[in-house]
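In: here is my input; please provide its structure:
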Amino acid sequence: MTTVRLRDVSTTIEELLKSYDSRLRPSFGNTPLLLDIEIRLASFDSISEVNMDYTLTLYLNQYWRDDRLAYGDISEEIILTGEIIDRIWLPDTFFPNDKSAYLHDVTEKNKMIRLNGNGDIVYGMRFTTTLACMMDLRRYPLDRQNCTVEVESYGYTQADVIMQWKHGKQSVLDLDKVQLPQFTIMDYNTISYGMDLATGVYQRLSLSFILQRNIGYFLFQTYLPSILIVMLSWDEYEIEEESSGRRSPILSLRNRTQLNHLTENCVTECTNANYEQTNHPPRLNTIIRGSTLYGKTFLSSPSSRTKSTQKRSRADRFLNAVRLKANSVSKSLPHIKDVNDIDKWCRLLFPVLFVIFNIFYWWYYMSRASHHAT
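Out: Numbers count the residues shown, from 1 in each chain. Below is the predicted model:
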């Protein structure tokens, strides 16, 4: 029974292809061919801000009807693979924003055709593609990117092939199973529109991903160290006036070393990501530069305080010497304010200013990011 069935299928295929011309599209000379598209995501491999692109592995399924291949029995389907696929008309679908792509071929080429008795065809393939994605990094790392998959017929205009999403937005499958280390897929959209080119009007499908960058990595790598370094610079204001000359240089050296190390790490990270190649500096630079300037300003203040104290001590000794040598009438020296009073104000003023700076930073850039997303 199986041998007879196989013989019947082989005979059916040969009969269908005997007078079949793969050079002509289905319904040639009549109405345009309806070509339905469906995409199933296998993986979201990588996103490169340097190259302005991202890499996907996906299954592309294309649906159409070819009445020339109808064999009557709609209860059964014939699966075609290998070289016989090349004997059937296939759509010339391509990706306009594609940079490079390859069809998987382990253990065989990952493509097949499912042929139904009424002439309905499903053409499926699995491949990996790298697609261009122009990114706006001005709000990095609070940025949100919009990357697209563009699908179009290379040679057939709307007069020959009308390409459409098979089930609208539901034509994109398994998106909920895809995870990215640095981004979260917030939403996606599917649209269809006509592209008016020099050779005619072509139907183009567009799948767009709304990608929100995960800020957790940057909180621990950059933001938190910046804040801690600034807080570390405050401890010099806890030193009393008499001890500042002996301990301030040691603390200043330690804090400056840590601050320079933080700055070097932040700059290195931005350099490695090549964000300086963009026309606009990322928002991460604001907090880095602000914290660096803030910390260095604080670290320079105790040094000035120490120098002021030392100058005042030398002046006191000089006046005392003059007073003793002259053996003149005692006079009350002018009152010199205690520098510890300045420290008390600094202990309050500097943290308040830094808190205000952070409130403004997060309010401004988060509101801008929300406005940009809207």
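
In: residue 16 falls within a helix, correct?
Out: Yes - assessed with DSSP: H, G, I helix; E, B strand; the rest coil, residue 16 lies in a helix.

In: once you drop chain neighbours, what's closest to it?
Out: Closest residue to residue 16 apart from its sequence neighbours, by C-beta to C-beta, 6 or more residues apart in numbering: residue 69 at 5.3 Å. Backbone N, C-alpha and C define where each C-beta goes, glycine included.

In: what ranges do the strands span in the stretch 1-150 of the chain?
Out: For the stretch 1-150 of the chain, the strands defined by DSSP state E, counting those that start in this stretch occupy 33-48, 53-65, 77-80, 93-94, 98-103, 111-116, 120-132, 144-153.

In: tell me the helices and strands packed up against the second one.
Out: Which is strand 53-65. Applying 3 or more C-beta pairs under 8 Å, 6 or more residues apart in numbering; DSSP states H and E, one finds that strand 53-65 contacts strand 33-48, strand 120-132.

In: now the first one against strand 53-65, angle please.
Out: Think strand 33-48. Angle of strand 33-48 versus strand 53-65, following axes from the mean of the first three to the mean of the last three C-alpha atoms, to 10 degrees, is 160 degrees.

In: angle of the helix or strand containing residue 196 against strand 144-153?
Out: According to DSSP states H and E, residue 196 maps onto strand 183-197. With the same axes, to 10 degrees defining the directions, strand 183-197 sits at 40 degrees from strand 144-153.

In: mind giving me the packing neighbours of strand 183-197?
Out: Counting by 3+ C-beta pairs under 8 Å, 6+ apart, strand 183-197 packs on strand 144-153, strand 161-165, strand 200-213.

In: okay if I get these as CSV plus mean neighbour count, mean pLDDT and distance to residue 49?
Out: Shown next, in CSV, are the helices and strands packed on strand 183-197 (neighbours: other C-beta atoms under 10 Å; pLDDT from 0 to 100; distance: least, C-beta to C-beta, whole Å):
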stretch, mean neighbour count, mean pLDDT, distance to residue 49
strand 144-153, 20, 95, 9
strand 161-165, 20, 96, 29
strand 200-213, 19, 95, 10
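
In: distance to residue 34 added to those strands, as JSON lines?
Out: Output for the helices and strands packed on strand 183-197, formatted as JSON lines (distance: least, C-beta to C-beta, whole Å):
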{"stretch": "strand 144-153", "distance to residue 34": "12"}
{"stretch": "strand 161-165", "distance to residue 34": "6"}
{"stretch": "strand 200-213", "distance to residue 34": "10"}
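
In: what's the closest of those strands to residue 115?
Out: Closest to residue 115 of these is strand 161-165 (C-beta to C-beta; 19.3 Å).

In: list the contacts of that closest one.
Out: 25, 32-38, 91, 93, 151-153, 171, 190, 192, 203-205 (C-beta atoms under 8 Å, 6 or more residues apart in numbering).

In: could you rerun that using 10 Å?
Out: The contact list for strand 161-165 (C-beta atoms under 10 Å, 6 or more residues apart in numbering) reads 25-27, 31-39, 62-64, 91-93, 151-153, 155-156, 171-172, 190-192, 194, 202-207.

In: that one pairs with which strands, parallel or anti?
Out: strand 33-48 (parallel) (DSSP bridges).

In: just to revisit the earlier point, quick one: which of the strands of the stretch 1-150 of the chain has the weakest pLDDT on average?
Out: Per-stretch mean pLDDT for the strands of the stretch 1-150 of the chain is lowest at strand 77-80 (a mean of 89).

In: which strands and helices lie in contact with that strand?
Out: helix 2-18, strand 111-116, strand 120-132 (3 or more C-beta pairs under 10 Å, 6 or more residues apart in numbering; DSSP states H and E).

In: helices or strands next to the last one in the packing?
Out: Counting contacts by 3+ C-beta pairs under 10 Å, 6+ apart, strand 120-132 is packed against strand 33-48, strand 53-65, strand 77-80, strand 98-103, strand 111-116, strand 144-153.

In: make a markdown table out of those and add distance to residue 186.
Out: Shown next, in a markdown table, are these (distance: least, C-beta to C-beta, whole Å):
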| stretch | distance to residue 186 |
| --- | --- |
| strand 33-48 | 13 |
| strand 53-65 | 15 |
| strand 77-80 | 38 |
| strand 98-103 | 24 |
| strand 111-116 | 32 |
| strand 144-153 | 7 |
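
In: what is the neighbour count of residue 74?
Out: 12 (other C-beta atoms under 10 Å).

In: now do the one 4 residues further on
Out: Using other C-beta under 10 Å, residue 78 is surrounded by 16 other residues.

In: kindly report the same for the one 10 residues further on.
Out: Burial measure for residue 88: 18 neighbouring residues, criterion other C-beta under 10 Å.

In: now do the contacts for the closest residue to residue 143 other than its chain neighbours.
Out: Leaving aside its chain neighbours, residue 143 sits nearest to residue 213 (5.5 Å; criterion: C-beta to C-beta, 6+ apart). Residue 213 makes contacts with 47, 49, 137, 139-145, 180, 182-184, 369, as judged by C-beta under 10 Å, 6+ apart.
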